[in-house]
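Chemist: Got a sequence here, can you build the structure:
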Amino acid sequence: MRIARVLFALYLVGALISVWLPGDWRQADVKLYRADALHFWGQLGHPELPQEYPPLAVVPFALALIGSPAIGQDAFALGMAALFLLGFAAVRRWKGSACAWTYGAYTLAAGPATLLFRFDILPALLVLGCLWLLERRRYGAAYPLIGVGTLVKLFPLVLLPVAAIAHARSTARRGAWKVARGLALGGAVCLGIAAAGFALAHAVDPAHSFGAITYDLRRPIEVESVPATLMWLGSLVGAPMHPIYAYTSYSVTGPLSAAAGTAGDVGLVAGMLWVWWRQATGRMEVGRAVAASLLVLICGSGVLSAQYLLWVAPVLAVVDGFRFRWLAVFLLTALIFPVLFQVAIQYSPTIVYSAGFLAGVAARNLLLVACTVRFLVTGRTAADPGIPERTAPSPLAAG
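Modeler: Here you go, the predicted model:
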């Protein structure tokens, strides 16, 4: 439909203009990336690793070192834009025009601010590359890529069980011993790369080598997460919830913190087991298992920022095609950040989250959980990994 393309073009122009308007939301994380890059690349004699990111994150952070802080900020944004375009070209070549336009729509709808001024598009594309390898049964390359992705940002590690199940199913006829040996070797390569990366990081900077792990374990429940929405719903019936700013994020605490966190953990474990069981029994093909694992992780985690939706947007475009429900999830995410963050949070003298902000987060989270549950229970029967899956065409790609 031509009208869809026109609306998409107008949104793209408006989004690109908006990201260069003044606002701390645009500068804060890139400033942090630049500082982390300076601590590592600027003092290689005694390098310091990032406090909250895995060791290989210093590679994309180096873009922020180009020129002055203002130039470095734009250089970083242009680098992320180049990665986005590279992903569009790759998806178009791999899955066709419809999936490529859906990839563009989902990724931009989730928020050009997070696309350009965060580095999450890089690990998201590494995940997409892993799926490409898994569909072609190139497990020897998929396992190392998962390990490398884990050293950029931790979340790609959830793909290891999915890769192992796909590997086992595709080699089942070779005999139990050969299957077990192949799985052990693949797992050892993946975990070995990740372990070696963190071991080297420990040798370089013992104080921050495991910061990506310990930092997340200490964080309170982030206000954008599903557990935080459970706490807000509880506050409506009398259980108080208090806003706090900790670990460079807006979070919440209160008497329901433990219960909400436990509910998220239970949902995370149950969701992952469900995905692995359906994949192992042939009820879910590998692409949907990859997307489902990421969705379960996002829904169950007590740490959820707007840029995390970029992790799953490219994969959903490839395996599920264009769905208005996913577009709605991503657009609500862009509404939350940066719009509601700028207009619906009082920052002084104390932090106060407005009812509109919390309601907007709840609407996105409830829709996200509903869409995830539907995705988990309607997974297509597993097909031959070498045969590409057909997906719904995007209206943006219509002639």
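
Chemist: ok, which stretches of the stretch 251-399 of the chain are helices?
Modeler: All helices of the stretch 251-399 of the chain, identified by DSSP state H, counting those that start in this stretch, fall at 257-280, 286-300, 309-319, 324-334, 341-343, 355-377.

Chemist: right, and these - which one's nearest His167?
Modeler: Across these, His167 has its closest neighbour in helix 286-300 (9.7 Å, Cβ to Cβ). Heads up, the C-betas are built off the backbone N, CA and C, glycines and all.

Chemist: list the helices and strands that closest one packs on?
Modeler: Packing partners of helix 286-300 (3 or more Cβ pairs under 8 Å, 6 or more residues apart in numbering; DSSP states H and E): helix 121-135, helix 159-170, helix 257-280, helix 309-319, helix 355-377.

Chemist: how far away is Leu310 from Thr262?
Modeler: Look at Leu310 and Thr262: by Cβ to Cβ, to the nearest Å, they are 28 Å apart.

Chemist: Comparing those two, which residue is more hemmed in?
Modeler: A count of neighbours by other Cβ atoms under 10 Å puts Leu310 above the other of Leu310 and Thr262, at 27 against 12.

Chemist: who's in contact with that one?
Modeler: Thr107, Ala110, Thr114, Leu115, Arg118, Asp120, Ile121, Ala124 (Cβ atoms under 8 Å, 6 or more residues apart in numbering).

Chemist: Need the max-distance pair from the residues you listed.
Modeler: Using Cβ to Cβ, the contacts of Leu310 span at most 12.0 Å, a distance reached by Thr107 and Arg118.

Chemist: Setting aside sequence neighbours, what's the nearest residue to Asp36?
Modeler: Taking Cβ to Cβ, 6 or more residues apart in numbering, and ignoring the residues beside it in sequence, Asp36 has Pro50 as its nearest neighbour in space, at 4.2 Å.

Chemist: The one you found looks like it's in a strand, true?
Modeler: No. Going by DSSP: H, G, I helix; E, B strand; the rest coil, the assignment for Pro50 is coil, not a strand.

Chemist: neighbours around it, how many?
Modeler: Pro50: 23 surrounding residues under other Cβ under 10 Å.

Chemist: How about the contacts made by Gly140?
Modeler: Gly186.

Chemist: Can you say which helix or strand has it in it?
Modeler: In the assignment (DSSP states H and E), Gly140 maps to helix 139-152.

Chemist: Just confirm Ala207 is within a helix.
Modeler: No. Secondary structure of Ala207, determined by three-state DSSP: coil, with no helix assignment.

Chemist: show me what contacts it?
Modeler: By Cβ under 8 Å, 6+ apart, Ala207 lies in contact with Glu48.

Chemist: do the same with Ala291
Modeler: Shown in contact with Ala291 (Cβ under 8 Å, 6+ apart): Val312, Val315, Leu316, Val319, Asp320, Phe375.

Chemist: Looking at these, which one is closest to Ala168?
Modeler: Among those, and counting by Cβ to Cβ, the member closest to Ala168 is Val319, at 20.2 Å.

Chemist: Just the pLDDT at that closest one, thanks.
Modeler: Note on Val319: pLDDT of 96.

Chemist: Look at it and say how many residues are nearby.
Modeler: 24.

Chemist: I'd like to know how far it sits from Trp132.
Modeler: Distance from Val319 to Trp132, counting by Cβ to Cβ: 12 Å.

Chemist: Quote the end-to-end distance of stretch 59-69.
Modeler: End-to-end distance for stretch 59-69: 17 Å, by Cα to Cα, to the nearest Å.
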